[in-house]
Structure formats: structure tokens, C-alpha cells
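S.K.: What would the 3D arrangement of this be:
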Amino acid sequence: MSLYSISDAQLAFGHVALLDHADFSLEAGERVGLIGRNGAGKSSLLKIVAGLTKPDDGLVTRQSELTTVYVPQEPEFDLDASVFEVVASGLTDARALLDEYEEVVHALADTPEGAAHDALLARMNTLQSSLDLHDAWNWRTRVATTLDQIGLNGDARSGSLSGGMKKRVALARALVVQPDVLLLDEPTNHLDFDGIRWLEDLLVTLRTGLLFITHDRAFLDRVATRIVELDRGRLLSYPGNFSAYQTRKAQQLEVEMVEAAKFDKLLAQEEVWIRKGVEARRTRSVGRIARLVEMRNERAERRNVQGNVRLDVGQGEKSGKIVAELTDVTKRYGERTIVDNFTATVMRGDKIGFVGPNGAGKTTLLKLILGEIQPDAGRVRSGTNIQVAYFDQMRAQLDLDKSLADTISPGSEWVEVNGVKKHVMSYLGDFLFAPERARSPVQSLSGGERNRLLLARLFARPANVLVLDEPTNDLDIPTLELLEELLTDYDGTVLLVSHDRAFLDNVVTSVFAAEGAGKWREYVGGFSDWQIQRERSEQIAQDAARQSAKEAAPKEDAPKDSAAGRNAQRTVKLSFKDQRELDALPGKIAALEAEQKSISAQLEDGSIYAKDAKEGSRLSERHAAIDEELLVALERWEELEAKRK
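M.R.: Have a look, this model is predicted:
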């Protein structure tokens, strides 16, 4: 049975139908990725499932005692409270039950036997059952365990945390409830690459039903077991991850085009027939006329493929061959070194991605390259004839009180792109802004629409260097794919900061990567190439360190690998039993890690829940149990090693 289902749902804002007789269900253990255009109604659907809003019409069915937790895009909590207090606030209801239980117990002790005593006793029994059901007795332990699982310091002040850490706190507050259904709206926002990988690893091992909204295609590929697309009010379901969805969607559109062409041909023939002269009227049948009317109605209601953004960037004159040359550049803020002795050359036509954790200094390095700030040491030489167009992730370039038309072309009704003049209304239409919205203020737009407007403003100006600081935030997948095509074909230079791994892979030709302590290094290729090269470099460094340690170690009479060598390393501090346990621990740990890896692969696929829900739950519990066993084994290993030394 489904955890949650909604049938024939309808929801509209004004004349726009966000849900048009839509059906949706969520099974136990499923991880459903919800995708669709900006403004299609994805967040509205998430709120309906969360019980925060209701559809205008439709049948909603949910399992009894179903616990659902919703984590919005921008979670809110008391910034002056500690992390422990914020996470514990997820258990407000359970804690209230416990407080009431304690009050009833005290009242019961002071109340003589009688009707009031019996009523209190009955209430105490009811509360005890509820506390048992919600496991509220040990709420402090649950909070501490969740904080440890997510890697948070419970004593830290919430307001002092970065955006990525605040996202972790919000997720911990949701998970401590142990929900049956977890709802996430853009969970990767504000997370860097390490944070996104951590979240992926966490979600694929959860036993809860999961429904999430994201435009991160790599995240969808790793986490989702089913894709649901919200398309003009209808919910279309595709089993598998995002790559499987793309294949099925392409096949579906191809079939629809063929069927539509056949239908249009038949309709045209029938229209010719109905318009024949008087002499043919005797041959007309009532049934055929009725069918024609039905075909006309069907054609009028056909759901044609929705229009897409039309992107075209204004090409400036060619810049010099060298855009920027950095030689031994160093930049510090106080005692912190952001860039340390970095040397690189940016050539015309390069497409460079800047990667690293939040706060590593990606934007600072960008500004050094552009000459907006000066280095503390070293030299930056800028190229000739540089025309820069800058996309700011904070959207600071947008005046919220200005209209869309004035933002694109202040004081004029025309825009010139690559020598072609366009009316500002037509140009805004290329970015899916209706003419009636052209005079609306910028502040009336959603986050995704503001990003689209910023792109429209950016591309309306001739440039030979595009600087894009997190351009993918809030953009829907079709617009992302078109932006990728545009940047790939762009003749100028692209400097790109993004946490969208698929976007980086599809656009950039090299990567400037932060490696800690202000050190930066250039890698050839995209994000995946950087990961492979980084892992190889780390492996080589580890091998070299081991070799150096081996050469520096004093030589012994007996080889360490021999029985005599092993005996020589032992001390009398370890008993025979302890030594046998120590010798067995590496094999035990390796076996546990192999078992956990095998279970992770089965859980990540997600099909196990559809085939056998009980087996899926058992594997998930075993995965969590292995974590505990590994922790115990590693602690015991350290303890025995310390005794031996």
C-alpha cells in the first residue's frame, strides 16, 4: 500500500492550472525526484504532500499515523539558539507529551482516589502509550545520535554557521523525528561538492520515503529511483534515475510527434469533406459530423511541447590572445591566505571552472584575474580589448524597483544583439517573459525568473569574457541544457563558478581547484577529470610518503614479514588471546566494509523496495548496524595497538 497518494488533484492560481487532474503516489523506500519548469508548481505539490496546503479538488489518501517532515529551500530557525536546541525543536510534540506526562504523574500523587484520580490514571496510560509509540523517552539520546551522524557540534551557535552547515542543521532537525516521508525542496542549495556527496551518501541509505525537488542532474542520477515530471499540470512518472528519464522522454516525444502528425492529417481530410458543396451534403452522416466536432475539441486541447528559452549572447570584438597572466600571485585577508603563490595564464577561448569548498576564495581569485582587486604579492597582467559581462550569484546588479523592460534596455525600446535589433518585448519573450509582465517590477519575480532576467541582461551586452558566478541556481533543467549549448559554442572566454557537476563537465575545458591553505592548481578537463586526477595525485603522494617512511625506518635483523620479525614487534604487554584478536581485526573490518559496500549498492538501486519491502528494510537496518560494529572494531584495534606500543 502507498504511504501517500493523491488522485484527480486540481490546483490553480488565477488562470494558471498548476495541477490539472493529476495523480501521484509514494511507496515505502522510494526516492522520487520531482522535476519541471520554474513556476510549474513543484513546491506547491510538495506542500500539499506535507499537509501545509490543500488542493482545490481531488482525493488525498495517507496511511494512518504517517509522519511527514518538510524541509524548505530556505529553512528558518532561531539563530541565537544552539545547534542542539534547534535540532531538538523537531521533537517539540514528543517533548510536550513527556512534559504533560510528568505533570500528570505529580498530579496523580496528590489526588485522592475517586473520579478525578481515575481520570488522571486513564490520561497517564494514554500518554504512556503515545510516548512509547513516538520513542519520546530518550529524546536527548536521539538528538545526540543525529548530531553525531550528521557531524554537527551541538554547542555551536546556529547564527554563526555557514549556509551549508545551516542546511545540515535543518536536515538533522527533520531526521531526528524519524519520519516515514521526508520532503526536500532544493536540498543541494548552499552545499559545496563535499556537502553534496555527503548528502547523497546519507539519502541512499535512508529507509524513509523520499520526495525531493532539485535541478542537479548528477544528484538525481545518484539518488532518485523514480523521476516524476510536472508538465503543464500533469504528473508523468518515469522509473529509474535521471539518465533513464532522458532516454524514455526522448522516445515519448518522438512517438507523440508521429501520432500528432497522423491526427492532423486525418483532421485536415475531414475538414475538406465537411466543406464540400451542396451536392455532397446527402452523403454526410450524423456520426461523422459528431466525430469531426470531437476531433476539433481534441486538437484544441492538445498539450503541445512547451516553448523554451531562446539564448543568444552578444559577441564583442575579439580580445587579445592572452586574457590574463598571473605570476606568483598571493592574496591575504588578515592572517588568512586566500591565494598563495599561484601562477596561471588565461587564454582567449578558455572555458575555466573554479571549484572548491565554500569560502575557499573562488570569487576572490576571479576578481584577481579580472583586475578588480590587486594581489599582495606577485603580478597580474591583463590582456587587451577585454569586454567583461558579469553574472553575480547574489543578483546585486538587479534593481528590484525597476521594471523588466527598463532592466534590459533602460531608456529605449530596442535591444541590439550581434548586430540585429529586437524590440525589448520580443527579446523578453525569448526568455519566456510574457509582454504583460514587461512593466512589472523585478521584485515580483521568483528566484528562477530573476536568474533568467539576469541572463537576458547579461547576453544583451556585447562581451568577449563571460564571468558566471553560480549561474545555475534556481534555473530549470531545460534552461540549464540550453545555457550549456550556448557556452560550448561561445567563441569568447568563460570563467565559471558552479557546484553543478554535470554543468561543469559539459562546459569547461580546464579547472582551477582549491587544495587548501590558499594553494590552487590547474587541471585539464571538466569536473570528473579533476576528480580522477586529484585521486591519482593523492594516491601517488601517499605511496611516496609510505616509501619515504619505509626507507627512513631502522633496519632490523629479521624481516618484518617473517614470523621472527612479527614476533620481534610483539611485546609482553599483549596476552596470547589479545594478540590473536588483534591479528584477526583487520580481516574482520575488511569483511564488514565489503558487506556494507554490497548493501549500499543494493539500496542505492532502489528496486529492492519494489521487489521485497521487508528485505529492503532489513538491509537498511543491517547497514546502520554495520556502522556500529565498525566503530567498535576500530576502537578495539586502537586500544590493542596502544597496549602493544
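S.K.: neighbours around residue 297, how many?
M.R.: 9 (other Cβ atoms under 10 Å). For the C-beta atoms, the positions are set from N, CA and C on the backbone; glycine is no exception.
S.K.: mind checking which helix or strand it is in?
M.R.: Using DSSP states H and E, residue 297 falls within helix 286-300.
S.K.: by contact count, what packs against the helix or strand just after that helix?
M.R.: Later in the chain than helix 286-300, the nearest helix or strand by DSSP H and E is strand 322-333. Using 3 or more Cβ pairs under 8 Å, 6 or more residues apart in numbering; DSSP states H and E as the contact test, the elements touching strand 322-333 are strand 336-347, helix 362-370, strand 377-382.
S.K.: which stretches of the stretch 251-400 of the chain have low pLDDT?
M.R.: Scanning the stretch 251-400 of the chain for pLDDT under 70 picks out the ranges 273-274, 276-286, 299-317, 392-397.
S.K.: State the phi and psi torsions of the residue nearest to the spatial centre of the chain.
M.R.: Nearest residue to the geometric centre of the chain (Cα atoms, centre = their mean): residue 188, 3.2 Å. Main-chain dihedrals, residue 188, degrees, to the nearest 10: phi -90, psi -10.
S.K.: Am I right that residue 523 falls within a strand?
M.R.: Yes: Residue 523 forms part of a strand when assessed by DSSP: H, G, I helix; E, B strand; the rest coil.
S.K.: In contact with it, which residues are there?
M.R.: 510, 511, 513, 529, 530, 533, 534 (Cβ atoms under 8 Å, 6 or more residues apart in numbering).
S.K.: One more: residue 42?
M.R.: Taking Cβ under 8 Å, 6+ apart, we find residue 42 in contact with 34, 35, 36, 213, 230.
S.K.: Out of the helices and strands packed on strand 322-333, which gets nearest to residue 436?
M.R.: Nearest to residue 436 among the helices and strands packed on strand 322-333 is helix 362-370 (36.7 Å), distances taken as Cβ to Cβ.
S.K.: buried ones in stretch 147-162?
M.R.: Buried residues in stretch 147-162, counted by 16 or more other Cβ atoms under 10 Å: 147, 150, 152, 154, 158, 161.
S.K.: how far away is the residue nearest to the centre of the chain from residue 511?
M.R.: 19 Å (Cβ to Cβ, to the nearest Å).
S.K.: And residue 374, by the same measure?
M.R.: 25 Å.
S.K.: neighbour count winner among the two?
M.R.: Just comparing residue 374 and residue 511: by other Cβ under 10 Å the higher neighbour count belongs to residue 511, 24 against 11.
S.K.: Check which helix or strand that one maps to.
M.R.: Using DSSP H and E, residue 511 falls in strand 510-514.
S.K.: Now that strand: average pLDDT?
M.R.: Averaging pLDDT along strand 510-514 gives 93.
S.K.: Give me the distance from it to the chain's centre.
M.R.: 22 Å (Cα atoms, centre = their mean, to the nearest Å).
S.K.: just checking, what packs against that strand?
M.R.: strand 351-355, strand 520-524, helix 527-552.
S.K.: so which of the helices and strands packed on strand 322-333 gets nearest residue 402?
M.R.: So among these, helix 362-370 is nearest, using Cβ to Cβ, at 25.1 Å.
S.K.: ok, which stretches of the stretch 351-500 of the chain are helices?
M.R.: 362-370, 404-408, 424-430, 447-459, 477-489 (DSSP state H, counting those that start in this stretch).
S.K.: least reliable of the ones you listed going by mean pLDDT?
M.R.: Across the helices of the stretch 351-500 of the chain, the lowest-scoring stretch is helix 447-459, with a mean of 78.
S.K.: Just the CA trace of it, in CSV.
M.R.: Output in CSV follows, covering the C-alpha atoms of helix 447-459 (Å, rounded to 0.1, in the frame of the first residue of the first chain):
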residue,chain,number,x,y,z
GLY,A,447,14.3,33.3,-7.8
GLY,A,448,14.5,31.3,-11.1
GLU,A,449,12.8,34.1,-13.1
ARG,A,450,15.3,36.6,-11.7
ASN,A,451,18.2,34.4,-12.8
ARG,A,452,16.6,34.3,-16.3
LEU,A,453,16.3,38.1,-16.3
LEU,A,454,19.9,38.4,-15.3
LEU,A,455,20.9,36.2,-18.1
ALA,A,456,18.8,38.2,-20.5
ARG,A,457,20.5,41.4,-19.3
LEU,A,458,23.9,39.8,-19.5
PHE,A,459,23.5,38.5,-23.0
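S.K.: now the angle between helix 477-489 and that helix, please.
M.R.: 20 degrees (axes from the mean of the first three to the mean of the last three Cα atoms, to 10 degrees).
S.K.: Thank you, goodbye.
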